[in-house]
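1. Need a 3D model of the following:
(one chain, ligands or ions: 4)
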Amino acid sequence: MSYKAEYIWIDGTEPTPLLRSKTKVVADGEEPGIWGFDGSSTNQAPGKASDCVLRPVFTCMDPIHMGENKLVLAEVLLTDMSPHPTNTRAEAALVAAQYADQDPWFGIEQEYTLFKGTRPLGFPDSGYPGPQGPYYCGVGADDVYGRPMVEAHLDACLRAGLSISGINAEVMPGQWEFQVGPLGPLDVADQLWVARWLLHRVGEDFGISATLEPKPARGDWNGAGAHTNFSTKAMRENYDAVITAAEALGKNPDQHIAGYGHGIEDRLTGAHETAHYSEFSYGVSDRGASVRIPWQVEQDKKGYIEDRRPNANMDPYVVTRLIVDTCCSALVGV
Ligand code: ADP
Ligand code: MN
Ligand code: MN
Ligand code: MN
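-> Residues are numbered from 1 along each chain as shown. Ligands and ions are numbered 1, 2, ... in the order given. Model prediction:
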């Protein structure tokens with residue numbers, strides 16, 4: 001019997017791309033191969049030369065349809081098989097290959113906000129819920145909103161075989177987090193994109209939308225980030241390497257901020273557990289710093305660092321490329 005392959009790709013919507021997908025019926029025993037789509041409908045091509053190419057880069061079982069069905073994450077190419085200008089994976093792959101000998105690992109904390117209609121889940125039709133405090137890792141119908149969908153998403157990710165390391169309710173009502181990793185730079189980014197697609201897809205069944213907006217509610221409400229935890233083999237063995245990586249991130253902070261997601265200035269205000277986007281800092285246990293060294297890492301004198309700056313709506317191919325480039329070039333020979 002034939003099976004369904006759901007091809008997923010990243011479009012050309014600006015300033016923040018969207019996920020797209022369509023279904024290909026594949027004959028039993030055949031692999032999902034090269035495919036194509038109409039780039040003029042995704043801001044990726046003009047109507048007169050609309051064909052774009054999909055090349056599979058990551059395949060897993062389809063946890064929605066089960067059986068032999070598959071999810072196929074594809075990168076977008078031009079018809080001459082070169083990377084499309086919107087294909088950020090291609091450059092990430094080059095940088096990852098350059099520093100593969102340092103064995104970089106990433107764990108990404110993807111925060112997101114659930115919406116019912118135009119309001120975050122848990123926000124009354126008019127006015128606001130009680131101030132932040134009880135919601136983070138909370139329990140009970142007064143404080144927690146959307147758990148059935150959040151758990152359905154986690155189960156879907158696990159059935160698909162994604163490396164999810166945990167989930168938690170966040171500081172703002174209706175806001176949640178899942179973590180992917182630790183994995184190498186391309187693997188973590190591929191899996192995060194598939195996990196995001198599953199989040200939106202599972203939301204369809206619940207009539208709830210998930211947004212990666214970095215500041216979904218104005219006022220005294222936490223924004224949504226994608227804290228990016230990073231280590232290399234050297235950092236996992238000695239503390240000097242941990243400090244070298246943290247200091248390296250302080251050398252070109254503007255380039256990183258520019259690649260960490262649209263609207264980052266609205267989120268990195270210096271309030272709500274963030275450092276101001278214009279001032280780089282790092283510190284042990286410090287959730288008001290740009291980069292945090294977890295207390296356990298200082299105690300063990302080895303481990304990883306947490307870059308707290310990336311927005312929830314960041315592109316993980318860009319963020320992991322920037323971090324590998326900056327930190328691994330500083331760690332050569334350390
Ligand atoms: P926080 O305390 O900031 O909320 P989380 O537990 O949500 O931290 O996320 C920490 C992430 O760091 C997890 O995804 C975990 O897999 C990842 N992680 C753990 N060790 C390493 C490491 N050595 N290198 C990279 N990432 C790591
Ligand atoms: Mn977390
Ligand atoms: Mn969080
Ligand atoms: Mn964190």
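2. OK, contacts around residue 173?
-> Residues near residue 173 by Cβ atoms under 8 Å, 6 or more residues apart in numbering: 120-123, 129, 135, 143, 145. For glycine as for every other residue, the C-beta is placed from the backbone atoms N, C-alpha and C.
3. let's go with 7 Å and repeat that
-> 120, 122-123, 129, 135, 145 (Cβ atoms under 7 Å, 6 or more residues apart in numbering).
4. and residue 10, what pLDDT?
-> The per-residue pLDDT reported for residue 10 equals 98.
5. er, residue 273 actually
-> You'll see residue 273 listed with a pLDDT of 88.
6. just checking, it touches residue 287?
-> Yes: if you go by Cβ atoms under 7 Å, residue 273 and residue 287 touch, sitting 4.8 Å apart.
7. of the contacts of residue 173, closest to ligand 4?
-> Closest approach between the contacts of residue 173 and ligand 4, by Cβ to the ion: residue 135, at 16.1 Å.
8. which SS state does the closest residue in space to the closest one that isn't next to it in sequence fall under?
-> Spatial nearest neighbour of residue 135, excluding adjacent residues (Cβ to Cβ, 6 or more residues apart in numbering): residue 173 at 4.9 Å. State at residue 173, reduced to three classes by DSSP: H, G, I helix; E, B strand; the rest coil: coil.
9. how close does residue 173 get to residue 133?
-> 10 Å (Cβ to Cβ, to the nearest Å).
10. now do residue 38
-> Residue 38 sits 48 Å away from residue 133, going by Cβ to Cβ.
11. These two - which one has more neighbours?
-> residue 38 (13 against 9; other Cβ atoms under 10 Å).
12. So what's the residue count around the closest residue to that one other than its chain neighbours?
-> Leaving aside its sequence neighbours, residue 38 sits nearest to residue 50 (Cβ to Cβ, 6+ apart; 5.1 Å). Neighbour count for residue 50, taken as other Cβ under 10 Å: 15.
13. need the contact list for residue 50.
-> By Cβ under 7 Å, 6+ apart, the contact list for residue 50 reads 38-40.
14. about what we covered before: and the contacts of residue 173, which are buried?
-> 120, 122-123, 129, 135, 145 (16 or more other Cβ atoms under 10 Å).
15. so of those, which ones are in strands?
-> Judged by DSSP state E, the subset of those located in strands is residue 120.
16. and the buried ones among the contacts of residue 173 as TSV, adding pLDDT and distance to residue 64?
-> Output for the buried ones among the contacts of residue 173, formatted as TSV (pLDDT from 0 to 100; distance: Cβ to Cβ, whole Å):
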residue	pLDDT	distance to residue 64
120	96	25
122	95	26
123	95	29
129	94	32
135	97	29
145	97	23
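17. will you turn the buried ones among the contacts of residue 173 into CSV that also has distance to ligand 4?
-> Shown next, in CSV, are the buried ones among the contacts of residue 173 (distance: Cβ to the ion, whole Å):
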residue, distance to ligand 4
120, 20
122, 22
123, 24
129, 23
135, 16
145, 21
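18. Where helices are concerned, which of the buried ones among the contacts of residue 173 count?
-> If you go by DSSP state H, the buried ones among the contacts of residue 173 have nothing in helices.
19. got TSV for the buried ones among the contacts of residue 173, with distance to ligand 1 too?
-> Formatted as TSV, those follow (distance: Cβ to the nearest ligand atom, whole Å):
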residue	distance to ligand 1
120	20
122	21
123	24
129	22
135	15
145	20
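20. Quickly note the distance from residue 130 to ligand 1.
-> 23 Å (Cβ to the nearest ligand atom, to the nearest Å).
21. tell me, how many neighbours does that residue end up with?
-> When neighbours are defined as other Cβ under 10 Å, residue 130 has 10 of them.
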